[in-house]
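[1] what's the 3D shape of this:
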Amino acid sequence: MISFTGITRGNDTDQLLDMNLEQLVASEVTSVSRKSQSILAAPAAVYSITQEDIRRSGARSIPDILRMAPGLQVYKLNNHTWSVSARGNSSIFSNKILILIDGRSIYSPFIGGVHWENQDMLLADIERIEVIRGPGAALWGANSVNGVINIITRSARVTQGTYAELGAGDLEKGFGAIRHGGQIGDDISYRAYVKQFEQGAQDDLGSTLAAREQYLNASAEDNRRMKQAGFRVDWDKGALDTFMFKGDIYRGETYVPATAFDSGIVNSFITLPVFHPFDTRQFGGNTHWRWTRTLEGNSEAVLQFWYDRYEADSYVLDEDRNSWDVDFQYSFDLSSATSIIWGLGYRYVDDDFQSHYISEYDSMVVTPNHWNTELYSAYIQGEFTLVPAKWHLTLSGRIEHNDITGYELQPNARLLYTPDAFQSFWAALSKAVRTPTMAETGIDIINPGRQYNRNQSLDSERLIALEVGYKRQFNETLSIDSTLFLNRFDGLSGQVDMGACTDFLTASQPAVALPTCERTTLENLLDGYAYGLELSMDWKVRQNWLLKVAYSHLQQDMQANRSDAIAKNSEKTQEETSAQNSLSLMSRHNLPHGVELDIWVRYSDSLSAPDISLPSLTTMDVRIAKRFGNMELSITGQNLLDSSQPEFVDVLSGQITTEVPRSIYGKISWDF
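    Got it, this is the predicted structure:
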């Protein structure tokens, strides 16, 4: 999308609505080609969510913000568990989209996805969020199959002074943050922040889900609280070298609405789940260091290192993980018509696990309980000007070696045609893989209703993707971005039937036969296609009124290579847990006397999973704000069209679906 980046907030009218045509066309992104380029010249389906978009959305979390991007399917399972995916494959283990913060991966090698409950930050410190739909594996590596999301934070140079915010509401029980930035000499800028929040439980289960879960009127009890602190330092050391050093530390507690099994019920041969709000504690932190040197001849070298510590004490499993990553990149111009980027990477992950006892019939076993994994990678990209100012070709490729599937090669080719300065056509052909996780290859889950057994022979899931797109800035008031895509998947993982369960041995009696128990494992089960259309539009209706529209249409057709009932359920889960049609409409209106009125309407089609269907979802958020000098007061109402609605169903984790309630909160912020 030809979007609006680099906006800052001041005492005057929203600067976004005052931008001229040249500024809009010059908006830049860095994640498509690992270098800065205008969105119009980026041969990819990329959408930029700016700081002003974030501020005026009223959203309180990263996943909520991502709802405004076309091609993303974002659903809330409970108060802290989200499904964030692109172009289908929706799951709370959304393992085919890579999430980055300033280029640091937050993808979990254990679950194959993101622990969204831990990904909190001061939203005012985000510069923009670059959302790339489609494969990004040639530059960013495996698991960036359906997309890459890079959350880019603001430089400490532009966050000087003090910022503070306080707020509370019915679901948002209370939140607050303070950040201070300053200078050391002329070259070093810094900032540091602390923040905290507490959220109440979401609504009780409605009758729609009560039959499936087999318990009535259970409270969700999915309360959540978190504390976090962090810093960033930016150092311009002369004209050639820049350094960035940042870090965060957090501690959180969530209550997971999940199901377990009671021994008395099991011994009666009735496998009914019993609801438990399990207490889960998280602790972690990270450091991220980057050195950029500008060389002669438009060359540049970038060396970065990051370390991440993750601890979780959950209701079934404790995990302690340390991750180290180092990446080197060098870019240069081979000629006036050819530029090259190449890089090398290494990642080491050390993971320890300890299973928790839930009941004698409900357990998780990790073998081995200590993992060391290494990832080696190398990539190269060439950009070639075929006809100056008209035709451009990009060829790139990445080779990786991981400890589970060995070597993986992921190439990419992109063609760009720019007939003039305000429109572009592009096409791309890409290959990407999703590698198996530690959980898929190293965990046995045992309970009376189902046993899941590991599969150490699981192979990578593979994608061949064809994309075509068109972008245009018509005039100073209207821009559009459109993409068509066709994905061919091979060997997607799905559950298959393995026959009768292993007998259970209890303390009070010999082995107990459970004829209704299912024993399953994951196999490379599914092949098929996904195809669709993505559209986004920015329309400045008047000088003080902006509309932002995003629409997506998705079709999926998957075929299992086995015919048992569980395998067929995997087909249904893949095809029907992502909405076919979704729409986001944001209205941003600057009223007289400094009042801001923001209305955000969203729609998504109904979802289905085995034994349960959820209705289509239409919701609306409204934000009203007024600025008084350096202080801003705002009131935001969320999910206003219904008292509560379920958004998603997960069929693997045991976490239950809660209903997202209507809520309201107030916020006050200061810049001084």
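
[2] count the residues that sit near residue 365.
    15 (other C-beta atoms under 10 Å). Every C-beta, even on glycine, is put in place using the N, C-alpha and C of the backbone.

[3] go on, residue 340?
    16.

[4] so what's it bridging to?
    residue 332, residue 382 (DSSP bridges).

[5] name all residues that make contact with it.
    331, 332, 333, 334, 380, 381, 382, 383 (C-beta atoms under 8 Å, 6 or more residues apart in numbering).

[6] surely the third one and residue 296 touch.
    No - taking C-beta atoms under 8 Å as the contact criterion, residue 333 and residue 296 are not neighbours in contact, 10.6 Å apart.

[7] with neighbour numbers in mind, choose between those two.
    residue 333 (13 against 7).

[8] for residue 453, which non-adjacent residue is closest in space?
    residue 521 (4.6 Å; C-beta to C-beta, 6 or more residues apart in numbering).

[9] just the buried residues of the helix or strand hosting the one you found, please?
    According to DSSP states H and E, residue 521 maps onto strand 518-542. Neighbour counts over strand 518-542 (16 or more other C-beta atoms under 10 Å) mark 518-528, 530-538, 540 as buried.

[10] remind me what that strand packs against, helices and strands.
    Under the contact criterion of 3 or more C-beta pairs under 8 Å, 6 or more residues apart in numbering; DSSP states H and E, strand 518-542 touches strand 450-453, strand 478-497, strand 545-560, helix 565-576.

[11] most neighbours per residue, which of the ones you listed?
    When you average the neighbours per residue for each of those (mean count of other C-beta atoms under 10 Å), strand 478-497 leads with a mean of 20.

[12] list buried residues within the contacts of residue 340.
    331, 332, 381, 383.

[13] could you dump the residues you listed to TSV with pLDDT and distance to residue 584?
    Formatted as TSV, the buried ones among the contacts of residue 340 follow (pLDDT from 0 to 100; distance: C-beta to C-beta, whole Å):
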residue	pLDDT	distance to residue 584
331	96	35
332	95	40
381	97	32
383	96	32
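
[14] what's the closest of those to residue 462?
    Checking the buried ones among the contacts of residue 340 against residue 462 with C-beta to C-beta, the nearest one is residue 381 at 21.2 Å.

[15] against residue 557, how distant is that closest one?
    33 Å (C-beta to C-beta, to the nearest Å).

[16] likewise residue 373?
    Taken as C-beta to C-beta, the span from residue 373 to residue 557 is 34 Å.

[17] paired strands for whichever helix or strand residue 148 is part of, with orientation please.
    Element membership for residue 148, per DSSP H and E: strand 147-153. Here strand 147-153 is paired, per DSSP bridges, with strand 97-101 (parallel), strand 126-133 (antiparallel).

[18] tell me the contacts of residue 530?
    So residue 530 contacts 87, 88, 89, 485, 486, 487, 489, 554, 555, 556, 557 (C-beta under 8 Å, 6+ apart).

[19] among these, which pair sits farthest apart?
    In terms of C-beta to C-beta, the contacts of residue 530 reach their longest pairwise distance at 89 and 486, which sit 15.1 Å apart.

[20] can you pull the pLDDT of residue 509?
    Confidence at residue 509, expressed as pLDDT, is 41.

[21] ok, back up a step: can I get the strands paired with strand 147-153 in JSON lines including mean pLDDT and mean neighbour count?
    Converted to JSON lines, those look like this (pLDDT from 0 to 100; neighbours: other C-beta atoms under 10 Å):
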{"stretch": "strand 97-101", "mean pLDDT": "95", "mean neighbour count": "24"}
{"stretch": "strand 126-133", "mean pLDDT": "96", "mean neighbour count": "25"}
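
[22] nearest to residue 70, of these?
    Once those are compared by C-beta to C-beta, strand 126-133 is nearest, at 7.5 Å.

[23] following element in sequence after the closest one, please.
    Criterion used, DSSP H and E; the element after strand 126-133 is helix 137-140.

[24] helix or strand with the lowest mean pLDDT in the chain?
    helix 263-267 (a mean of 41; mean pLDDT, DSSP states H and E).

[25] helix or strand next in line after it, which one?
    For helix 263-267, the following helix or strand on the C-terminal side (DSSP H and E) is strand 274-295.

[26] the next helix or strand after that following strand vs strand 274-295, what angle?
    Once the chain leaves strand 274-295, the next helix or strand it forms, by DSSP H and E, is strand 299-313. Put simply, strand 299-313 runs at 160 degrees to strand 274-295, going by axes from the mean of the first three to the mean of the last three C-alpha atoms, to 10 degrees.

[27] buried stuff in stretch 425-440?
    Going by 16+ other C-beta under 10 Å, stretch 425-440 has these buried residues: 426, 428, 430-440.

[28] same check, this time on stretch 618-626
    619, 620, 621, 622, 623, 624, 625.

[29] ok, residues contacting that stretch?
    56-59, 593-603, 632-642, 645.

[30] now do the contacts for the residue nearest to residue 453.
    Contact partners of residue 521, counting by C-beta under 8 Å, 6+ apart, are 452, 453, 454, 455, 495, 496, 498.

[31] let me see the confidence value for it.
    pLDDT, read off for residue 521, is 86.

[32] cool, and the one 5 residues further on?
    In this model, residue 526 is scored at 93, pLDDT.

[33] now do the one 5 residues further on
    Taken from the predicted model, the pLDDT recorded for residue 531 is 97.

[34] now do residue 169
    pLDDT, residue 169: 96.

[35] distance of the nearest residue to it once chain neighbours are set aside relative to residue 63?
    Nearest residue to residue 169, sequence neighbours excluded (C-beta to C-beta, 6+ apart): residue 665, at 2.7 Å. Between residue 665 and residue 63 the distance is 17 Å, computed by C-beta to C-beta.

[36] and for residue 564?
    34 Å.

[37] which one of the two has more residues nearby?
    residue 63 (18 against 15).

[38] can you tell me how far the residue nearest to the more buried one when sequence neighbours are not counted sits from residue 557?
    Sequence neighbours aside, residue 82 is the residue nearest to residue 63 in space, at 4.2 Å (criterion: C-beta to C-beta, 6+ apart). From residue 82 across to residue 557, the span is 26 Å (C-beta to C-beta).

[39] is residue 128 bridged to anything, and to what?
    Bridge pairing for residue 128 - DSSP bridges - gives residue 50, residue 152.

[40] now do stretch 387-394, average pLDDT.
    Stretch 387-394 comes out at a mean pLDDT of 96.

[41] and the end-to-end length of it?
    13 Å (C-alpha to C-alpha, to the nearest Å).

[42] same thing with stretch 537-549?
    Terminal-residue distance, stretch 537-549 (C-alpha to C-alpha): 5 Å.

[43] with only the CA atoms kept, save stretch 152-159 in CSV.
    The C-alpha coordinates for stretch 152-159 follow below in CSV (Å, rounded to 0.1, in the frame of the first residue of the first chain):
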residue,chain,number,x,y,z
ILE,A,152,10.2,-1.2,13.5
THR,A,153,10.8,1.0,16.6
ARG,A,154,11.6,4.6,16.6
SER,A,155,15.1,5.9,17.0
ALA,A,156,16.0,7.4,20.4
ARG,A,157,16.8,10.6,18.5
VAL,A,158,13.1,11.3,17.9
THR,A,159,11.9,10.3,21.3
